[in-house]
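A.B. asks: Predicted structure and sequence below. I'll ask about it afterward.
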Amino acid sequence: MSEEKSLNFLEEIVEADIAAGKNSGRVLTRFPPEPNGYLHIGHAKSICLNFGLAQRYGGQTNLRFDDTNPAKEEVEYVDSIKEDVKWLGFNWANELYASDYFDTLYEFAVTLIKKGLAYVDDSTSEEIAGQKGTPTEPGTPNQYRSRSIEENLQLFADMKAGKYPDGAKVLRAKVDLASPNMLLRDPLMYRIKHTHHHRTGDTWCIYPMYDFAHGESDAIEEITHSVCTLEFVSHRDLYNWFIEKLEIFPSKQYEFARLNLNYTVMSKRKLLQLVEEKYVEGWDDPRMPTISGLRRRGYTPASIREFCERIGVAKRENMIDVSLLEFCIREDLNKTAWRRMAVLDPIKMVITNYPEGQTELLFSENNPEVEGGEGGRELPFSSELWIEREDFMEEPPKKFFRLGVGLMVRLKSAYIVKCDSFVKDAEGNVTEIHCTYIPESKSQNDTSGIHVKGTIHWVSVPHAKTAEVRLYDRLFKVEDPSNEDGDFKEYINASSLHILNNVYIEPDLATAVPGKGYQFMRKGYFTLDKNSTTDKLVFNRTVTLKDGWVKK
RNA sequence: UGCCUGAUAGUAUAAAGGUAGUACGACGGUUUUUGGUACCGUUUGUCUAGGUUCGAAUCCUGGUCGGGCAACCA
């Protein structure tokens, strides 16, 4: 590791461990999602961290589903999570499930009971909460805390056997009811839930809690570095307590600050609400911060990985500006997206001195960022073109490098034209722009000697195809919707989606490929939507181009 | 007001007692058949008050502010 780049705190920990000979230099991490929703960009940070750490130090990463709460979990989510991790470009060493360990976990619990370190409690959840005390006052033990080992063993076996209804009893760890860490005040290990599990079916009616499953699963897999987010800091004491009492592999937990992105929300609960209450089309709506949403929007795996690399890792709360995400996708697409022409808000241009009915094929390269342009395509040109309405002004200001009566522009890959006049309808809307072209100014063979400041895109009227184009804006009107007064949904941006039904695109775009990014010149990056068909092409705008032109 | 955590430009993130740097953003310029890209430049920062030291973002003490913790969620 002789790079100039400094290490983040997790890399420092791993390097120190390797240097100290811990675990014989072995590095095994894990990415442990609960399959209760779709993965979002915050998970991408965790994925990049866990897989990246292992990759960098010659280790491996397990994909482990934390499926200990059957009430919320579904196979649909398992499948989507696997797809997203793969799509991001990572390969896990083993696909595992906390539910794989239910038998072992049960034995671990029995071990603790036998050591006098766990007991069955018949209290209701309200009673237990009441007996926990407060942060400033210690909890108080109840009569169940002193049950005999034999009785606990029998009761726990009966719980497993299904003799009790949901909520009748729980298994608790006997730690310390006076601990300043509330999590140590005899935390629950098992609860009764007569619920069908997506993998174990109806085999179990008791399920382990997170705190009694996570560290134990890490230990079973012999995870060396268990990386999670900051809200689990106070769980670390418990994590270590179970491992110590059980005398199992000593995995270590390390915490980092989760990702927050402005103008969106990042909790599965809130994202689920947006989906269920139809504020968006689904988990993969292009406005969602989910991996599947970003994918449908046109983000590439490389751009997301780059983003995760650039935001860094630390332990302080943060709020990342979406502009960095946008920078990452533009940087990627600028180098890879093929250039095409599309007119989003069309107005007709008539070239009065070009033979009516004549068609000419012009060449335009696919990608100016690459040597040789990656080939190109033929662009049909004729006397009637669609151009962008905003590229013409009746009364152009001084630095307007586009069209207005008397002004000249280059039609990209074609000719220079001069605007002579325009036509208005009864309401005063401009309906047609009349120009004359300069035959000697043909692209790549320009002998006119004329130089113009502006170049605009266009599509030939008789050759144009049409498409639907969806333009997206931020989902929320405020930077941190979760931190505003009232419900976060009050801050939804009502105009986060604009659908353009009549966009004219150059004919070659009819062969657009799903999953590929295209730059609609001067307009942004676009990609085919999953709803697109050959009869009705649908494009999503991934991101606009950076716009240096500020209208004054 | 118990415990745990954290605090460096607008936003992130480096500097491990020795020149506060980098990226994104913003602003300005050069080039350009995309007002894109590329290139160049400018701008703004160590929460606070003391202390230790030749020297402190870094170590010590007090304060301030932020986040987390009292789910049969993870």
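C.D. replies: Yep, it's here.
A.B. asks: Residue A:117 is in contact with residue A:149, correct?
C.D. replies: No - here residue A:149 lies out of contact with residue A:117, judged by Cβ atoms under 8 Å, at a distance of 10.0 Å. To be clear about C-beta, it is placed using only N, CA and C from the backbone, and glycine gets the same treatment.
A.B. asks: which one of these two has more residues nearby?
C.D. replies: residue A:117 (19 against 14; other Cβ atoms under 10 Å).
A.B. asks: any idea how far that one is from RNA strand B?
C.D. replies: Residue A:117 sits at a distance of 18 Å from RNA strand B (criterion: Cβ to the nearest atom of the strand, to the nearest Å).
A.B. asks: What residues does that residue make contact with?
C.D. replies: With contacts defined as Cβ atoms under 8 Å, 6 or more residues apart in numbering, residue A:117 is in contact with A:173, A:174, A:175, A:245.
A.B. asks: In strands only, show me those residues.
C.D. replies: Judged by DSSP state E, strands contain the following of these: residue A:173.
A.B. asks: which ones among the contacts of residue A:117 come in contact with RNA strand B?
C.D. replies: Filtering the contacts of residue A:117 for proximity to RNA strand B (criterion: Cβ under 7 Å from any atom of the strand) leaves nothing.
A.B. asks: Name the member of the contacts of residue A:117 with the most neighbours.
C.D. replies: Note: the member of these with the most neighbours is residue A:173, at 24 neighbours, neighbours being other Cβ under 10 Å.
A.B. asks: right, and that one touches residue A:118 too?
C.D. replies: Yes - applying Cβ under 8 Å as the test, residue A:173 and residue A:118 come out as touching, 5.3 Å apart.
A.B. asks: joint contacts of those two?
C.D. replies: Taking Cβ under 8 Å, 6+ apart as the contact definition, residue A:173 and residue A:118 share the neighbouring residues A:112, A:189.
A.B. asks: wait, residue A:110 sits on residue A:156?
C.D. replies: Yes - in this structure, residue A:110 sits in contact with residue A:156. The criterion is Cβ under 8 Å, and the distance is 7.0 Å.
A.B. asks: more neighbours, these two?
C.D. replies: When residue A:110 and residue A:156 are compared for neighbours, residue A:156 comes out ahead with 22 against 17, by other Cβ under 10 Å.
A.B. asks: mind listing what that one touches?
C.D. replies: Residue A:156 makes contact with A:109, A:110, A:113, A:120, A:171, A:190, according to Cβ under 8 Å, 6+ apart.
A.B. asks: helix, strand or coil for it?
C.D. replies: Assigned state for residue A:156: helix (three-state reduction, DSSP: H, G, I helix; E, B strand; the rest coil).
A.B. asks: Where does pLDDT dip in chain A?
C.D. replies: Scanning chain A with the threshold set as pLDDT under 70 gives A:1-4, A:551-552.
A.B. asks: please redo it, this time with the cut-off set to 90
C.D. replies: Counting by pLDDT under 90, the low-confidence segments of chain A come to A:1-6, A:398, A:485, A:547-552.
A.B. asks: Just the helices from it, written as ranges.
C.D. replies: Remark: helices of chain A, listed N- to C-terminal, are A:9-19, A:41-56, A:75-87, A:102-114, A:125-131, A:149-161, A:210-221, A:236-246, A:268-276, A:291-297, A:301-311, A:322-336; assignment by DSSP state H.
A.B. asks: could you dump those helices to JSON lines with distance to residue A:480?
C.D. replies: Formatted as JSON lines, the entries for those read as follows, by distance: least, Cβ to Cβ, whole Å:
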{"stretch": "helix A:9-19", "distance to residue A:480": "25"}
{"stretch": "helix A:41-56", "distance to residue A:480": "14"}
{"stretch": "helix A:75-87", "distance to residue A:480": "25"}
{"stretch": "helix A:102-114", "distance to residue A:480": "38"}
{"stretch": "helix A:125-131", "distance to residue A:480": "30"}
{"stretch": "helix A:149-161", "distance to residue A:480": "43"}
{"stretch": "helix A:210-221", "distance to residue A:480": "27"}
{"stretch": "helix A:236-246", "distance to residue A:480": "27"}
{"stretch": "helix A:268-276", "distance to residue A:480": "12"}
{"stretch": "helix A:291-297", "distance to residue A:480": "19"}
{"stretch": "helix A:301-311", "distance to residue A:480": "17"}
{"stretch": "helix A:322-336", "distance to residue A:480": "12"}
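A.B. asks: Next one: residue A:269 from residue A:519, what distance?
C.D. replies: 37 Å (Cβ to Cβ, to the nearest Å).
A.B. asks: In terms of neighbours, single out the busier of the two.
C.D. replies: More neighbours sit around residue A:519 than around the other of residue A:269 and residue A:519, counting by other Cβ under 10 Å; the figures are 25 against 9.
A.B. asks: now, which of the contacts of residue A:117 sits nearest residue A:279?
C.D. replies: Minimum separation from residue A:279 among the contacts of residue A:117 (Cβ to Cβ) is found for residue A:173, which lies at 41.0 Å.
A.B. asks: if I look at that closest one, how far off is residue A:102?
C.D. replies: With distances defined as Cβ to Cβ, the gap from residue A:173 to residue A:102 amounts to 18 Å.
A.B. asks: same deal with residue A:357?
C.D. replies: Relative to residue A:102, and taking Cβ to Cβ, residue A:357 is found at 76 Å.
A.B. asks: The two - which one has more neighbours?
C.D. replies: Relative neighbour count places residue A:102 above the other of residue A:357 and residue A:102, with 21 against 9, counting by other Cβ under 10 Å.
A.B. asks: gap between the two ends of stretch A:467-483?
C.D. replies: The separation between the terminal residues of stretch A:467-483, taken as Cα to Cα, to the nearest Å, is 39 Å.
A.B. asks: Now do the residue lying closest to residue A:298 once chain neighbours are set aside: how many residues are near it, please.
C.D. replies: With Cβ to Cβ, 6 or more residues apart in numbering as the measure, residue A:542 is the residue that lies nearest to residue A:298, at 3.1 Å, once sequence neighbours are left out. The tally of other residues near residue A:542 (other Cβ under 10 Å) stands at 26.
A.B. asks: which ones are touching residue A:542?
C.D. replies: Residue A:542 sits in contact with A:297, A:298, A:299, A:329, A:333, A:517, A:524, A:525, A:526, A:527, where contact means Cβ under 8 Å, 6+ apart.
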